[in-house]
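Sequence first, predicted model second:
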Amino acid sequence: MQPFAYTRVDDPAQAIAAVVPDARARYIAGGTNLVDLMFDVVETPSLVVDINTLPFAEVQRTPDALRIGALARMSDVADDPNVRAIAPFVAQALDASASAQLRNAATIGGNVLQRTRCAYFRDVTQACNKRSPGTGCGALGGENRMNAILGGSDACIATHASDLAVALVASGAVLHIRGASGERTVPLREFYVEPGATPAIENTLAHGELITAIDVPLSPVLARSHYLKVRDRQSYEFALVSVAIALQIENGALKEVRLAFGGIGTVPWRSDAAEKALIGAAPTRSAFERAAEVALAGAIGRGHNDFKIPLAKRAVLAAFERVTA
Amino acid sequence: MKNDDKRIGVPRKEFIFRAGLPALAATTGFAPMRRADAAPATATIEGTPGLRVHGPESLEISLTVNGERRTLTIEPRVTLLDALRERLHLTGSKKGCGQGTCGACTVLVNGRRIDSCLTLAIMHQNDSITTIEGLANGEELHPVQAAFLEHDGFQCGYCTPGQIMSAVGFLGEKRGLDEGTIRESMSGNICRCGAYPNIVSAIQAAGGHG
């Protein structure tokens, strides 16, 4: 790990003022992603600004949203009764993430900001357009079993590893962001940027901006939701494929559906086309079979990860069966 | 979660060198950089009056470990695990993977189990830290320690301090004592000897399901 300076801040304005002038300054909260990448010399900050004492750790129910403070720890949010009641798949996604130790340390803001990454990104001896723009992508013709089949480009096929973010994009979550010039909100889904020709850019957060909270808008569709995670090990492993599903049935037809995928996209992947194909249909296995085909229509396998295409389709059906069980 | 860190195509020797160097630097204070006596360890940033910036040189910090206030001199980049082991000589907490995968470094911070290898010591000056050395009450073992002995919850013992600290944290979370819950909640602690069935029994016994 390379040397860096450290400071601890007491208020958000101070935090932002400390980070903005220094392009290599980084915020630290739980640290589970940043410290790990600093060990690998993938992240080499000059200044680390500790934001753990900022007042953003609350989880509360407002009149129209579930508001999750950016500094709330993953384990606390997973155990929160409001979260479990209002959006079960958010709690399930958190329970399926990482290990108990990491969930006790890692924050919600840090979770959605964790780097989109693959093994080539972490290995500084390998080509990676994300870590070192212009050096090429080792994964495209290399070991790409874990890599993305949706949203990739000729420059990058790394996956976004967050389980939480998959459930959050399915729930229509909105980020509250504070920067030097004030506050703004952005739907989480629009926040993430597909790699295109510039994989180093993963989201629309400007340098020095700080996520303060994430709102999950209250909606009856979220009550009947499920997060299904398919992985190589039963616990403490990334998703090969995951599915966040929520549905509302009225008069025997699907009134509203949410469907998003993890483990297969360069960003948490919500499928509008599949949702649209399901609205108004009877909630049957065959309807979801067709929706799965629609959702995966644009998928591109790169060799080792070809299996994710049929696996993702089957995962949709498994998720449908569980959410309607 | 951490399986994406496999280095691809790196010769073993080079891997060891690369992996070992930062750890060596962090634990010994060796680094090709300014030393503590070459520059002041605190500074300020323009536009943030009152904000004190520490390092990258060494500075004095205090940690509360096992109920005792301890003072040590470290760089900001020193992890909590390295501070415990190399500065405070509390070598019960183990460095297994150094990347939050194995759980051998598990300690309690304010009663919650975390991986001490993935956090910076300087961040924990206002926290209460408990390590395996702080569990027993004099000669009297903590119930989880006693249960691990009773149920043979280990073989080589390297992962054991982390397993025990994680188990103490788990029991405090009150999630239940069925085998499935224990295995899921303890998945952040790897045992290379495969003592898992006995670890589960020990935790059940310590939790009152003897």
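Done, it's in. It should be emphasised that the depicted structure is a prediction, and the values quoted were computed from it without experimental measurement. Numbers count the residues shown, from 1 in each chain, chains lettered A, B, ... in the order given.

What are the structural domain limits within chain B?
What automatic domain parsing lists as the domains of chain B is B:58-134, B:143-206.

Check those for me and report the most buried one.
domain B:58-134 (a mean of 21; mean count of other CB atoms under 10 Å in any protein chain shown). All C-beta spots, glycine's among them, are computed from the backbone N, C-alpha and C.

Does chain A have contacts with that domain?
Yes: Domain B:58-134 is in contact with chain A by CB under 8 Å from any CB of the partner chain, via B:75-77, B:79, B:98-100, B:103, B:106, B:112-115, B:118-120, B:122-123.

Filter the residues you listed down to the ones in strands?
Within the residues of domain B:58-134 next to chain A, residues falling in strands by DSSP state E are B:106, B:112-115.

which ones are touching the residue in chain A that chain B sits nearest to?
Residue nearest to chain B within chain A (CB to the nearest CB): A:Ser99, separated by 2.6 Å. Taking CB atoms under 8 Å, 6 or more residues apart in numbering or on different chains, we find A:Ser99 in contact with A:235-236, B:1, B:100, B:103, B:115, B:187-189.

Skipping adjacent residues, who's closest to it in space?
Nearest non-adjacent residue to A:Ser99, counting by CB to CB, 6 or more residues apart in numbering or on different chains: B:Gly188, 2.6 Å away.

wait, doesn't that neighbour sit right on B:Ala167?
No: with contact defined as CB atoms under 8 Å, B:Gly188 does not count as touching B:Ala167 (11.4 Å).

Common neighbours of the two, please.
Common contact partners of B:Gly188 and B:Ala167 (CB under 8 Å, 6+ apart): none.

how far away is the residue of chain A closest to chain B from B:Gly162?
11 Å (CB to CB, to the nearest Å).

Show me the common contact partners of those two, please.
Counting by CB under 8 Å, 6+ apart, the common neighbours of A:Ser99 and B:Gly162 are B:103, B:189.

Contacts only, for the residue of chain A positioned farthest from its centre.
Within chain A, the residue lying farthest from the chain centre (CA atoms, centre = their mean) is A:Asn251, at 33.6 Å. With contact set as CB under 8 Å, 6+ apart, A:Asn251 has no partners.

Look at it and report its pLDDT.
At A:Asn251, the predicted lDDT confidence score is 97.

any idea how far it is from A:Ala23?
Separation of A:Asn251 from A:Ala23 (CB to CB) stands at 56 Å.

cool, and A:Thr204?
Taken as CB to CB, the span from A:Thr204 to A:Ala23 is 17 Å.

between the two, which one's more packed in?
Taking other CB atoms under 10 Å in any protein chain shown, A:Thr204 and A:Ala23 do not tie; A:Thr204 has more neighbours (14 against 10).

per-residue confidence at that one?
pLDDT at A:Thr204 comes out at 98.

For it, give me phi and psi.
The phi/psi pair for A:Thr204 (degrees, to the nearest 10) reads phi -100, psi 20.

Spatially, what comes nearest to it if we skip its sequence neighbours?
With sequence-adjacent residues excluded and distances taken as CB to CB, 6+ apart, A:Thr204 is closest to A:Phe191, at 5.6 Å.

show me what contacts the residue of chain B found nearest chain A?
Residue nearest to chain A within chain B: B:Gly188 (2.6 Å; CB to the nearest CB). Contact analysis of B:Gly188 by CB under 8 Å, 6+ apart lists A:98-102, A:236, B:103, B:106, B:115, B:166.

Just the residues you listed: which are in strands?
Of the positions in those, B:106, B:115 sit in strands, assigned by DSSP E.

can you redo the contacts of B:Gly188 as CSV with distance to A:Ala223?
Formatted as CSV, the contacts of B:Gly188 follow (distance: CB to CB, whole Å):
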residue, distance to A:Ala223
A:Ala98, 26
A:Ser99, 29
A:Ala100, 27
A:Gln101, 31
A:Leu102, 28
A:Tyr236, 29
B:Gly103, 35
B:Thr106, 36
B:Asp115, 34
B:Ser166, 34
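
Let me see the ranges of the helices in chain B.
Assigned by DSSP state H, chain B shows helices spanning B:12-28, B:80-82, B:143-150, B:160-173, B:179-185, B:196-206.

can you tell me which of the ones you listed comes nearest to A:Leu210?
helix B:80-82 (24.2 Å; CB to CB).

Show me what the closest one is packed against.
Applying 3 or more CB pairs under 8 Å, 6 or more residues apart in numbering or on different chains; DSSP states H and E, one finds that helix B:80-82 contacts helix B:12-28, strand B:106-109.

related to what we said a few turns ago, quick one: the domains of chain B as JSON lines, columns for mean pLDDT too.
What follows is the domains of chain B, written out as JSON lines (pLDDT from 0 to 100):
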{"stretch": "domain B:58-134", "mean pLDDT": "98"}
{"stretch": "domain B:143-206", "mean pLDDT": "98"}
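
Distance to A:Gly110 added to the ones you listed, as CSV?
Below are the domains of chain B laid out as CSV (distance: least, CB to CB, whole Å):
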stretch, distance to A:Gly110
domain B:58-134, 12
domain B:143-206, 17
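
between the ones you listed, which gets nearest to A:Ala148?
A:Ala148 lies closest to domain B:58-134 among those, at 22.7 Å (CB to CB).

Look up phi and psi at A:Pro310.
phi -60, psi -30.

so what pLDDT did it get?
Taking A:Pro310 on its own, its pLDDT is 98.

check contacts around the residue lying farthest from the centre of chain B.
Taking CA atoms, centre = their mean, the residue of chain B most remote from its mean C-alpha position is B:Gly47, at 35.9 Å. B:Gly47 makes contact with A:17, A:21, according to CB under 8 Å, 6+ apart.

List the contacts of the residue nearest to the spatial centre of chain A.
When CA atoms, centre = their mean is applied to chain A, the residue found nearest the centroid is A:Ala165 (2.9 Å). By CB under 8 Å, 6+ apart, the residues touching A:Ala165 are A:111-112, A:188, A:192, A:262, A:268.

what do you get if the cut-off is 10 Å, keeping everything else the same?
The contact partners of A:Ala165, by CB atoms under 10 Å, 6 or more residues apart in numbering or on different chains, come to A:93, A:108, A:111-114, A:173, A:188-189, A:191-192, A:214, A:244, A:260, A:262, A:267-269.

Burial check on B:Leu141, number of neighbours?
Counted with other CB under 10 Å, the neighbours of B:Leu141 add up to 16.

mind checking pLDDT for it?
Note on B:Leu141: pLDDT of 97.
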